[in-house]
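# got a predicted structure plus its sequence, pasted below:
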Amino acid sequence: GALGALLECHGYKVILQKFDPYLNIDPGTMSPFQHGEVYVLDDGAETDLDLGHYERFTNTTLCRENSVSAGQIYSNVIQKERRGDYLGSTVQVIPHVTDEIKSRFERKKDDCDIVITEIGGTVGDIESLPFLEAMRQFALDKGKENVLFIHMTLVPYLRAAGELKSKPSQQSVAKLREIGIQPELLICRTELHLPQDMKRKLSMFCNVEEKSVIEELDLQCSIYELPVALHEEHLDDIIISKLGLHGRAGCDISPWKRIIDKIKHPDTAVDIGIVGKYTELRDAYKSINEALVHAGIANSCKVNIVPIDAEHVERDGVECLKNLDGILVPGGFGNRGIKGKLLAVQFARENNVPYFGICLGMQIAVIEFAKNVAGITAADSEEFMDNAGKHVICLIESQQNIEKKGGTMRLGAYECQLNEKSNARKAYSKECIFERHRHRYEFNPEYEKLLTDHGLLISGRNPESGLVEIIEIPELDWFVAVQFHPEFLSKPTRPHPLFTDFIRAAKNNKSKK
Ligand code: GLN
């Protein structure tokens, strides 16, 4: 991602893509506990969270083709075999699987100047071998001057010995050379500054020029320091010269310098509670955490994220919410922790604490309002399987008979028209927006009249289907809940309007205290 940002600073058009050696068709069916969040693209592809980094760091909008898994590759090969496309030959990893992989590396010339392809996994994995072999062949096909191998490696620090170790890098480069790949650049993740003699040693053992041994130091403050840090290591110049790409005018890294400056020198700070189910895993709400950082940049404000386990609220009550300046309930699946989330929404509503509900967080807000304001005591979501419940959140017809779980939710960008008098309309300063979705259940239109009669505002709607996309409680300072995932469109260079407005409201709330 940071490399993409850096090349964009030189004026190149970049596409980034991720190849993952696992056998799932996509991460859509994987638990956030295993794999972090599932990141969704405009076209509805459910992808690895690295694609989130790529989009946050660059100006490209990625698509389904930019996220490839071994599962997709093998599934295609097997389909072709069944169709008879291989005309009687024995279907093998080389050449059939590798050809299928190679066909996915290439992008049309008009679309971009440089394609950055990241291969997930570790060198030496059984699963990643066909991907590395395909890369080697690809460089042979395209001419070595058009392809550059960059190896990301870890240089661990052994505290007991007080030493940085080059051995893991030596080993992985040796493995790469065994299969015919000589990396030309080494990017070394390290927690300590790499002394020149360490760079020299890595250069010697790994057969990489000394200037091409690049340090990627663990960053003190923010990952958004990375483009500048890598620029200072001349990574961009080395890549540009190795690929023989001259002729672009200079490099403007100043937007990234401004971002770092904003992050390092905030005027104030707010505490935002995220009441969720996957709180112990840092990457489970990756895009939300990042969007809050971006909103902090826009407000010259540090956003302290306070992870709160919904089940903890369920057990011990709302005491832990008392000092927060804003509350956010993120997306999620299944009924674990629902009671705690309902309590958190109720607390925000009754105490006029700015509330931001995202996807499941919106559905919970609707249920809470129905129960405690509109008097529908049995209000519930069809997802939570209580047949006696009144389903203010339900499955719409097109979702009712779906049995296949993978890739069948309401996915990707949908239009939403905003209500004239809403906070959302003010925040976006636009009438019509497009936001990314990933959910099955929806606001049940049968309850719309009753809920709006009690003061709920439907502030956004999809024009074709009429589905409710945003709700608000206008009587409160800031209570906005959305059926989509705004976090997927936020970038440090372009903070998302709803997150920005939420943090503004949290700042106001804090200054009132
Ligand atoms: N579980 C809910 C649904 O499927 C919400 C999904 C989400 O929060 N992403 O509709």
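The structure has been received and is ready for your questions. Numbers count the residues shown, from 1 in each chain.
# which residues of the stretch 251-400 of the chain lie near the ligand?
331-333, 359-360, 383 (C-beta under 6 Å from any ligand atom). Where C-beta positions appear, they are placed from N, C-alpha and C, glycine not excepted.
# which among those end up buried?
Neighbour-count burial (16 or more other C-beta atoms under 10 Å) applied to those gives 331-333, 359-360, 383.
# any chance of those residues in a markdown table, with secondary structure and pLDDT too?
Converted to a markdown table, these look like this (DSSP: H, G, I helix; E, B strand; the rest coil; pLDDT from 0 to 100):
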| residue | secondary structure | pLDDT |
| --- | --- | --- |
| Gly331 | coil | 95 |
| Gly332 | coil | 93 |
| Phe333 | coil | 92 |
| Cys359 | coil | 97 |
| Leu360 | helix | 97 |
| Glu383 | helix | 93 |
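# closest to Ile263 among those?
Lowest distance from Ile263 to those (C-beta to C-beta) belongs to Gly331, with 25.7 Å.
# excluding residues flanking it in the chain, which one is nearest the closest one?
Cys359 (3.6 Å; C-beta to C-beta, 6 or more residues apart in numbering).
# is the one you found in contact with Glu487, as I believe?
No. With contact defined as C-beta atoms under 8 Å, Cys359 does not count as touching Glu487 (9.8 Å).
# where does the prediction get shaky in the chain?
Applying pLDDT under 70 to the chain flags residues 247-249.
# apply 80 and report the result again.
32-33, 108-110, 246-249, 279-280, 282, 385-388 (pLDDT under 80).
# am I right that Gln363 is in a helix?
Yes. According to DSSP: H, G, I helix; E, B strand; the rest coil, the state of Gln363 is that of a helix.
# who touches it in this structure?
By C-beta atoms under 8 Å, 6 or more residues apart in numbering, the contact set of Gln363 is 357, 381, 383, 393, 441, 443, 483.
# could I get those as TSV with distance to Thr122 and secondary structure?
As requested, the contacts of Gln363 are arranged in TSV below (distance: C-beta to C-beta, whole Å; DSSP: H, G, I helix; E, B strand; the rest coil):
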residue	distance to Thr122	secondary structure
Gly357	39	strand
Ser381	41	strand
Glu383	37	helix
Ile393	42	strand
Tyr441	38	strand
Phe443	44	strand
Gln483	38	coil
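# give me the buried entries from these.
By 16+ other C-beta under 10 Å, those give 357, 381, 383, 393, 441, 443, 483 as buried.
# residues touching stretch 446-455, excluding its own?
By C-beta under 8 Å, 6+ apart, the list of residues contacting stretch 446-455 reads 366, 369-370, 373-374, 376, 390, 392, 458, 468, 473-475.
# so which of these comes closest to the ligand?
Taking C-beta to the nearest ligand atom as the measure, Val366 is the one of those closest to the ligand, at 11.5 Å.
# number of nearby residues for the closest residue to the closest one other than its chain neighbours?
Using C-beta to C-beta, 6+ apart and skipping residues adjacent in sequence, the residue nearest Val366 is Val392, 5.5 Å away. Residues lying near Val392 (other C-beta atoms under 10 Å) number 26.
# quick one: list the elements packing against the helix or strand harbouring Val392.
For Val392, the host element (DSSP states H and E) is strand 390-395. In terms of contacts (3 or more C-beta pairs under 8 Å, 6 or more residues apart in numbering; DSSP states H and E), strand 390-395 is packed against helix 360-372, strand 379-381, strand 441-443.
# check whether the last one contacts the ligand.
Yes. Interface with the ligand: strand 441-443 contributes Tyr441 (C-beta under 6 Å from any ligand atom).
# partner strands of that strand, parallel or antiparallel?
strand 390-395 (antiparallel) (DSSP bridges).
# quick one: contacts for the closest residue to Thr153 other than its chain neighbours?
Residue nearest to Thr153 in three dimensions, not counting chain neighbours: Ser169, with 4.2 Å by C-beta to C-beta, 6+ apart. By C-beta under 8 Å, 6+ apart, the contact set of Ser169 is 151, 153-155, 186, 188, 202, 205-206.
# farthest pair within the residues you listed?
Leu154 and Phe205 (14.9 Å).
# what separates the residue in the stretch 201-350 of the chain that the ligand sits nearest to from Val38, distance-wise?
Closest to the ligand within the stretch 201-350 of the chain is Gly331: 2.7 Å, counting by C-beta to the nearest ligand atom. The spacing between Gly331 and Val38, counted by C-beta to C-beta, to the nearest Å, is 10 Å.
# residues near Gly334, how many?
Neighbours around Gly334, by other C-beta under 10 Å: 11.
# can you classify it by secondary structure?
coil.
# that one touches Leu360, doesn't it?
No. Assessed by C-beta under 8 Å, Gly334 is found out of contact with Leu360, at 9.4 Å.
# let me see the ranges of the strands in the stretch 401-513 of the chain.
410-418, 432-439, 441-443, 457-461, 468-472, 479-482 (DSSP state E, counting those that start in this stretch).
# list the buried residues for the first one?
Read it as strand 410-418. Buried-residue list, strand 410-418, by 16+ other C-beta under 10 Å: 410-414, 416, 418.
# intersect the residues you listed with the contacts of the ligand.
Near the ligand, by the rule C-beta under 6 Å from any ligand atom, you find none of these.
# max pairwise distance over the residues you listed: which two?
Going by C-beta to C-beta, the pair spanning the buried residues of strand 410-418 furthest: Leu411 and Leu418, at 21.8 Å.
# how far away is Pro495 from Thr377?
For Pro495, the distance to Thr377 - C-beta to C-beta - is 40 Å.
# from the contacts of Ser169, list the buried ones, please.
151, 153, 155, 186, 188, 202, 206.
# the helix or strand hosting Arg136 packs against which elements?
Taking DSSP H and E as the criterion, Arg136 maps to helix 129-142. The contact analysis (3+ C-beta pairs under 8 Å, 6+ apart) places helix 129-142 against helix 70-83, helix 98-105, strand 114-119.
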